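Peer 1: below: sequence and its predicted model.
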Amino acid sequence: QVQLVESGGGLVQAGGSLRLSCAASGRTFSTYAMGWFRQAPGKEREFVAAINWSGGSIYYADSVKGRFTISRDNAKNTVYLQMNSLKPEDTAVYYCASGRPGSRWYDGVPAEFGSWGQGTQVTVSS
């Protein structure tokens with residue numbers, strides 16, 4: 001298993017940008033697909049973006065497509081989420097997660113991800 005720690009959240013005005021980071025422990029990080037999810041108060045956890053081990057396959061939720069960019073640096077054991085043109089409805093706790101080996105992680109279903117970080121709060125003011 002891999003252990004994950006998110007950082008980079010905060011308070012930003014609508015239209016602003018933030019970059020989230022997720023640092024992973026373990027030497028096998030480069031073998032995992034990685035994903036970002038978010039959960040707003042009173043709502044279910046929802047898929048945001050996912051990336052395969054090499055960065056060659058990337059998927060986004062329709063709600064963030066064109067505004068958010070997921071990337072990874074396997075040498076640094078880190079996955080990123082660059083968030084631009086933020087909207088108040090992007091307000092949520094953001095979690096990174098590692099895809100289970102052999103799973104359908106690209107479906108963006110939380111059950112396909114085995115390890116989760118503690119989350120980082122993103123608040124977008126109007």
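Peer 2: Everything's here; your move.
Peer 1: who's in contact with the least confident helix or strand in the chain by mean pLDDT?
Peer 2: Least confident helix or strand of the chain, by mean pLDDT, DSSP states H and E, is strand 113-116 with a mean of 94. Contact with strand 113-116 is made by 1-4, 35, 37, 95-100, 103, 105, as judged by CB atoms under 8 Å, 6 or more residues apart in numbering. Every residue, glycine included, has its C-beta placed from N, CA and C.
Peer 1: name the helix or strand for the residue nearest the centre of the chain, please.
Peer 2: Closest to where the C-alpha atoms of the chain average out (CA atoms, centre = their mean) is Trp36, at 2.0 Å. Applying DSSP states H and E as the criterion places Trp36 in strand 34-39.
Peer 1: tell me the mean pLDDT over that strand?
Peer 2: On average, the pLDDT along strand 34-39 is 98.
Peer 1: for that strand, which positions count as buried?
Peer 2: Buried residues in strand 34-39, counted by 16 or more other CB atoms under 10 Å: Met34, Gly35, Trp36, Phe37, Arg38.
Peer 1: state the distance from the third one to Gly26.
Peer 2: With distances defined as CB to CB, to the nearest Å, the gap from Trp36 to Gly26 amounts to 19 Å.
Peer 1: and the last one, by the same measure?
Peer 2: According to CB to CB, Arg38 and Gly26 sit 24 Å apart.
Peer 1: do Leu81 as well
Peer 2: 20 Å.
Peer 1: enumerate every residue touching the residue nearest to the centre of the chain.
Peer 2: Leu20, Cys22, Val48, Ala49, Ala50, Ile70, Val79, Leu81, Tyr94, Tyr95, Cys96, Ala97.
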